[in-house]
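Asker: any chance you can model this:
(2 chains)
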Protein chains: 2
Amino acid sequence: MTHTAIDLRTYLDEKREVVNHLIDRYLPPSDTDPPSLHQAMRYSALAGGKRLRPILAVASYEYCGGEDSENAQAIRYAMTALELVHTYSLIHDDLPCMDDDDLRRGQPTCHKKFNEAIAVLAGDALHDIAFELIARTGSTLAVVELAQAIGTLGMLGGQVADVEAEGKPVTQDDVIDIHRRKTGALIRCAVRLGAILAGADKPTLLKLTTYGEKTGLAFQIIDDILDIEGDPDKLGKKVGADTAKQKATYPAAVGLEQARRDADALINEAVSVFAADEENLLKSIALYIGQRRR
Amino acid sequence: MTHTAIDLRTYLDEKREVVNHLIDRYLPPSDTDPPSLHQAMRYSALAGGKRLRPILAVASYEYCGGEDSENAQAIRYAMTALELVHTYSLIHDDLPCMDDDDLRRGQPTCHKKFNEAIAVLAGDALHDIAFELIARTGSTLAVVELAQAIGTLGMLGGQVADVEAEGKPVTQDDVIDIHRRKTGALIRCAVRLGAILAGADKPTLLKLTTYGEKTGLAFQIIDDILDIEGDPDKLGKKVGADTAKQKATYPAAVGLEQARRDADALINEAVSVFAADEENLLKSIALYIGQRRR
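Answerer: Modelled structure (predicted):
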């Protein structure tokens, strides 16, 4: 167990570095015309972060027999695309007309650092370049997979439902529905893209899809919990913002204790798609997400 | 000549109807959850418009031997994607933090009709679904072509340069550079996509690329001219907005008379990629753009 824990830490650190390098390589340099736009894109995309989505993609790819290396271009394009899409969604979510957040990962949000017009366009540009990169995998199936995960039936629909639920009483089912779309769809997509690019067979893809769905929902419930009881220094953002804005959160619907139990149960369901005695990194990552404190 | 003129009018009307049907078919129905988002997407995408970009794409496709029909799925996906991308760019350009426009095609702009958050997200959603559709052509080359045309070296870069040039003196070269990216890149892309999807050979693709570049630049210069001397009722928007905002326009850089002459010269260069005695629809469309009054 200690051995696996050390392995996981190393794995996460290594892959996070890979993702940072890839983003640096695939985004145009800061002095590319127009510099304000490229600076804003790089500022937000290279501001740190757990890089969870690309790490899940590559772990899923490796689980399905894919080999990650300098030459494994397809999975690396997909990893970069996933993180850039995530960054675009954060920049737009933070806008004054949306969540109106000033801080993200301990730094001023994009519209605070630059201005609102640049923030809208930097988000658009990251959205755009993500599709160029996912297309470079050579798989139009992968492009469609990504587009649907972040479209109106996925992430964007969830974001609208989230904004529209503010200040209203919501049921557990409402929150689960919002979370599945707003956060879950992209995490599920990350796991699926890894499997698709590794050429996984259908039973494996279905198994990993379930893993991605459970892990994605657990991730957002834990995010909600951390907004209540997390350490602002570790999180890099204020806590209590969800409560202040009367956001539709899972603890608001079922209480903090039940939220913790349900997150644990979801992580348990996620790892249960694998045999009980099987040790693998996807399992370790799900358990790590279940215990995260930032 | 009269015969060709009638043919062109019929062609434009027919293809515009095809585009309207395609948008209606490929956008989710208004009552799809969340309805506010889907209503906003349909409101902006189905608000009329010349449908110039998809019409150029299909005319280019037919010029290269492609046959447009109910079964010609690839070109029809591309046509829809081009118009949805154009609509997304208009919604974001109209936002208060950008051009802050209240009217578009004679109707309230998206953020006026709905709200700012919905307008940002409806733009994002149209951007997204455009990539799903272009991927459905089965050509990752087409996806990359579109992504690059509307990315930071194309349309988005041009939009930033345009916003940043407001109120500053600009040279003719500056304006040409902005126009080429902001408007020209997507029009060039439309012509190229039609050729690519029809399997055009390289010399034809290069010829049509030149046609697209000249036509695209002429189109935006004429747009600038119409903002000075156009009929607001025909245009569906206020005139004089560019001057009021001290926008980088071509007439502001070289004067109205020179702007008219240069637009004519560009249209002439566009049609000159074809033999002098050749009659075809791309030629007719370029001449039509040169004479447009709305």
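Asker: and the nearest residue to residue A:290 once chain neighbours are set aside, what does it touch?
Answerer: Nearest residue to residue A:290, sequence neighbours excluded (C-beta to C-beta, 6 or more residues apart in numbering or on different chains): residue A:267, at 3.7 Å. (Glycine included, C-beta is placed from N, CA and C.) Residue A:267 is in contact with A:214-215, A:218, A:286-287, A:289-290, counting by C-beta atoms under 8 Å, 6 or more residues apart in numbering or on different chains.
Asker: how many neighbouring residues does residue A:191 have?
Answerer: By other C-beta atoms under 10 Å in any protein chain shown, the residues close to residue A:191 number 28.
Asker: residues in contact with it?
Answerer: A:56-57, A:60, A:208-209, A:211-212, A:215, A:282.
Asker: and it, that's in a helix?
Answerer: Yes - assessed by DSSP: H, G, I helix; E, B strand; the rest coil, residue A:191 belongs to a helix.
Asker: relative to residue A:272, how far out is it?
Answerer: The gap separating residue A:191 from residue A:272 is 15 Å, by C-beta to C-beta, to the nearest Å.
Asker: against residue A:216, how distant is the residue nearest to residue A:290?
Answerer: Per C-beta to C-beta, residue A:267 is found 11 Å from residue A:216.
Asker: cool, and residue A:288?
Answerer: As judged by C-beta to C-beta, residue A:288 and residue A:216 stand 14 Å apart.
Asker: output the below-cut-off pLDDT ranges for the stretch 101-250 of chain A.
Answerer: Residue ranges of the stretch 101-250 of chain A with pLDDT under 70: A:235-237.
Asker: residues near residue A:71, how many?
Answerer: Residue A:71 has 7 nearby residues by other C-beta under 10 Å.
Asker: do the same with residue A:140
Answerer: Neighbours around residue A:140, by other C-beta under 10 Å: 20.
Asker: what secondary structure does the residue nearest in space to the middle of chain A sit in?
Answerer: For chain A, residue A:53 is the residue whose C-alpha lies nearest the centre (C-alpha atoms, centre = their mean; 4.6 Å). Secondary structure for residue A:53, judged by three-state DSSP, is helix.
Asker: return the set of buried residues in the longest helix seen in chain A.
Answerer: Longest helix in chain A, counting residues (DSSP state H): helix A:202-229. Neighbour counts over helix A:202-229 (16 or more other C-beta atoms under 10 Å in any protein chain shown) mark A:204-205, A:208-209, A:211-227 as buried.
Asker: skip the chain neighbours and tell me the closest residue to residue A:59.
Answerer: Leaving out its chain neighbours, residue A:59 is closest to residue A:281 (C-beta to C-beta, 6+ apart), at 4.8 Å.
Asker: and the one you found, how far from residue A:97?
Answerer: Using C-beta to C-beta, residue A:281 is found at 40 Å from residue A:97.
Asker: kindly report the same for residue A:243.
Answerer: Computed with C-beta to C-beta, the distance linking residue A:243 and residue A:97 is 21 Å.
Asker: kindly report the same for residue A:189.
Answerer: Distance, residue A:189 to residue A:97, using C-beta to C-beta: 26 Å.
Asker: the more surrounded of these two?
Answerer: More crowded of residue A:189 and residue A:97, by other C-beta under 10 Å: residue A:189, with 29 against 20.
Asker: check contacts around the more buried one.
Answerer: A:82, A:145-146, A:148-150, A:154, A:212.
Asker: how much space between it and residue B:132?
Answerer: For residue A:189, the distance to residue B:132 - C-beta to C-beta - is 13 Å.
Asker: who touches both of the two?
Answerer: Residues touching both residue A:189 and residue B:132 by C-beta under 8 Å, 6+ apart: residue A:148.
Asker: now the element after the longest helix of chain A, going C-ward?
Answerer: Counting by DSSP states H and E, the next helix or strand C-terminal to helix A:202-229 is helix A:232-235.
Asker: who touches that following helix?
Answerer: The contact list for helix A:232-235, computed with C-beta under 8 Å, 6+ apart, reads A:226, A:238-239, A:293-294.
Asker: surely residue A:52 touches residue A:212?
Answerer: No - applying C-beta atoms under 8 Å as the test, residue A:52 and residue A:212 come out as separate, 11.6 Å apart.
Asker: any common contacting residues for those two?
Answerer: A:187, A:190.
Asker: can you give me the strands for the stretch 51-200 of chain A?
Answerer: Ranges of strands within the stretch 51-200 of chain A are A:103-104, A:107-108, based on DSSP state E, counting those that start in this stretch.
Asker: reformat those strands as JSON lines; add distance to chain B.
Answerer: Shown next, in JSON lines, are the strands of the stretch 51-200 of chain A (distance: least, C-beta to the nearest C-beta, whole Å):
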{"stretch": "strand A:103-104", "distance to chain B": "17"}
{"stretch": "strand A:107-108", "distance to chain B": "17"}
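Asker: tell me the most buried of those?
Answerer: Among these, ranked by average contacts under mean count of other C-beta atoms under 10 Å in any protein chain shown, first place goes to strand A:103-104 (a mean of 19).
Asker: other SSEs contacting that one?
Answerer: Packing partners of strand A:103-104 (3 or more C-beta pairs under 8 Å, 6 or more residues apart in numbering or on different chains; DSSP states H and E): none among the helices and strands.
Asker: so what strands line up beside that strand?
Answerer: strand A:107-108 (antiparallel) (DSSP bridges).
Asker: how many neighbours does residue A:241 have?
Answerer: With other C-beta under 10 Å as criterion, residue A:241 counts 14.
Asker: from memory it sits against residue A:102, does it?
Answerer: No - counting by C-beta under 8 Å, residue A:241 stays clear of residue A:102, with 10.2 Å between them.
Asker: nearest to chain B, of the contacts of residue A:191?
Answerer: Lowest distance from chain B to the contacts of residue A:191 (C-beta to the nearest C-beta) belongs to residue A:57, with 18.1 Å.
Asker: what about the helices in the stretch 1-150 of chain A?
Answerer: All helices of the stretch 1-150 of chain A, identified by DSSP state H, counting those that start in this stretch, fall at A:2-26, A:35-45, A:52-63, A:73-94, A:110-113, A:116-135, A:140-149.
Asker: JSON lines for those helices, including distance to residue B:197?
Answerer: Shown next, in JSON lines, are the helices of the stretch 1-150 of chain A (distance: least, C-beta to C-beta, whole Å):
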{"stretch": "helix A:2-26", "distance to residue B:197": "26"}
{"stretch": "helix A:35-45", "distance to residue B:197": "30"}
{"stretch": "helix A:52-63", "distance to residue B:197": "30"}
{"stretch": "helix A:73-94", "distance to residue B:197": "23"}
{"stretch": "helix A:110-113", "distance to residue B:197": "36"}
{"stretch": "helix A:116-135", "distance to residue B:197": "15"}
{"stretch": "helix A:140-149", "distance to residue B:197": "13"}
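Asker: any idea which of those helices gets closest to residue B:252?
Answerer: Distance to residue B:252, taken as C-beta to C-beta, is lowest for helix A:116-135 among these, at 20.9 Å.
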